[in-house]
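In: 3D model of this:
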Amino acid sequence: MRTPKLIASDIDGTMLINWAPRFSPQMLGLVERIVDAGIVFVPATGRQYTNLRRLFSPVADRIPYVCENGALAILDDELVYRATMDDGLAREIIEDMLADPGCEPVVSGMRTVYVRTGAPELVDHLVNVTGYNVTELDDPTHIPEPFMKVSAYCTDGVPREQHWHERFGERCAVKVSGLQWLDLVPNGVDKGVALAALAERLGIAAEDCVAFGDAENDVEMLEWAGCPVTMETSQPSVLPLGRYRTDTVEHAFERILDGPGFDW
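Out: Got it, this is the predicted structure:
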């Protein structure tokens, strides 16, 4: 058995499955035990920082965060890493989304997301289902801070995925991050890059890290970690990246804390 110095995990589809809105007491208890054992735990997700602090409220001040699909890394409520997108590119992406009746743009700031005024169903979903901080603007192409990530929320599933890759794929990274979400972030930005910056700050080598993921936006994180673990329900292209596979993250955490652990 090898004890990891850092455990990073995706949230949706990995720690939260079947669209669960929050963690079970069992999961939060396991995260507390991991932190108590001196292992750094890092949620690495497309979600926003303030939402993650609420999700992990029992340990909110004891863990670092990788947010916005790697555009943001925070330790002790201070920036470790932040990537920003060219304003002109971000506005072009938003305008393209606004022209598509199947999409609503969601623009990520550090502590809130910006959406257009007049999208009540989206606001209701973000606030009451996802638990986000939301700011409505008449014109979401002009936000009061640098652009980090621009997402499309698509109620009927991500449409025209190839269109986004063809139009913007050379100028930014385009990734499907869920059944209804498409994320566009600056080139070279991913969870692996943000985790590497965070681990360097903490003095931890990638070889000493375990990472859990299930989807396309987890690939770089899984490739970065010394011991990648994929969910049995992972996307087909992601599943083979795992040195190990697990049915639930709870079982994997129990294996680390009370069982044979993982060897790599």
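
In: all strands of the stretch 101-250 of the chain, in order?
Out: For the stretch 101-250 of the chain, applying DSSP state E, counting those that start in this stretch gives strands covering 104-108, 113-116, 134-137, 149-153, 172-178, 181-186, 209-213, 227-231, 244-246.

In: Turn those strands into TSV, including distance to Leu195.
Out: C-beta here means a position set from N, CA and C on the backbone, and glycine is covered the same way. Shown next, in TSV, are the strands of the stretch 101-250 of the chain (distance: least, C-beta to C-beta, whole Å):
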stretch	distance to Leu195
strand 104-108	18
strand 113-116	22
strand 134-137	27
strand 149-153	16
strand 172-178	16
strand 181-186	15
strand 209-213	7
strand 227-231	12
strand 244-246	18
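
In: Point out where the stretch 51-200 of the chain drops to low pLDDT.
Out: The model of the stretch 51-200 of the chain has pLDDT under 70 over residues 157-160, 178.

In: what is the mean pLDDT for stretch 225-244?
Out: Regarding stretch 225-244, the rounded mean pLDDT is 97.

In: quick one: buried residues of it?
Out: By neighbour count with 16 or more other C-beta atoms under 10 Å, stretch 225-244 contains the buried residues Ala225, Gly226, Cys227, Pro228, Val229, Thr230, Met231, Ser234, Gln235, Val238, Leu241, Gly242.

In: which of those residues sit farthest apart?
Out: Farthest apart among the buried residues of stretch 225-244 by C-beta to C-beta are Gly226 and Gln235. That separation is 22.0 Å.

In: Relative to Val193, how far out is the residue minimising distance to the centre of the chain?
Out: The residue lying closest to the centre of the chain (C-alpha atoms, centre = their mean) is Thr45, at 1.3 Å. Here Thr45 is placed at a distance of 15 Å from Val193 (C-beta to C-beta, to the nearest Å).

In: Then Tyr244?
Out: Tyr244 is 23 Å from Val193, by C-beta to C-beta.

In: do Ala60 as well
Out: Taken as C-beta to C-beta, the span from Ala60 to Val193 is 24 Å.

In: got it, and Lys149?
Out: The value you get for Lys149 to Val193, if C-beta to C-beta is used, is 13 Å.

In: Those two: who's more crowded?
Out: Neighbour comparison, Lys149 and Val193: the larger count goes to Lys149, with 29 against 19 (by other C-beta atoms under 10 Å).

In: Wait, Met148 touches Gly109, no?
Out: Yes: contact status for Met148 versus Gly109: in contact at 7.1 Å, counting by C-beta atoms under 8 Å.

In: Between those two, which is the more surrounded one?
Out: Each of Met148 and Gly109 has its neighbours counted (other C-beta under 10 Å); Met148 has more, 25 against 20.

In: Compute the distance between the more buried one and Leu75, please.
Out: For Met148, the distance to Leu75 - C-beta to C-beta - is 17 Å.

In: ok, Leu126 touching Glu136?
Out: No: with contact defined as C-beta under 8 Å, Leu126 does not count as touching Glu136 (10.4 Å).

In: ok, the nearest residue to Val42 once chain neighbours are set aside to Asn133 distance?
Out: Nearest residue to Val42, sequence neighbours excluded (C-beta to C-beta, 6 or more residues apart in numbering): Ala8, at 4.4 Å. Using C-beta to C-beta, one obtains 23 Å as the distance from Ala8 to Asn133.

In: who's in contact with Asn217?
Out: Applying C-beta atoms under 8 Å, 6 or more residues apart in numbering, we find Asn217 in contact with Asp10, Gly46, Asn69, Lys175, Val176, Ser177, Asp183, Asp190, Lys191.
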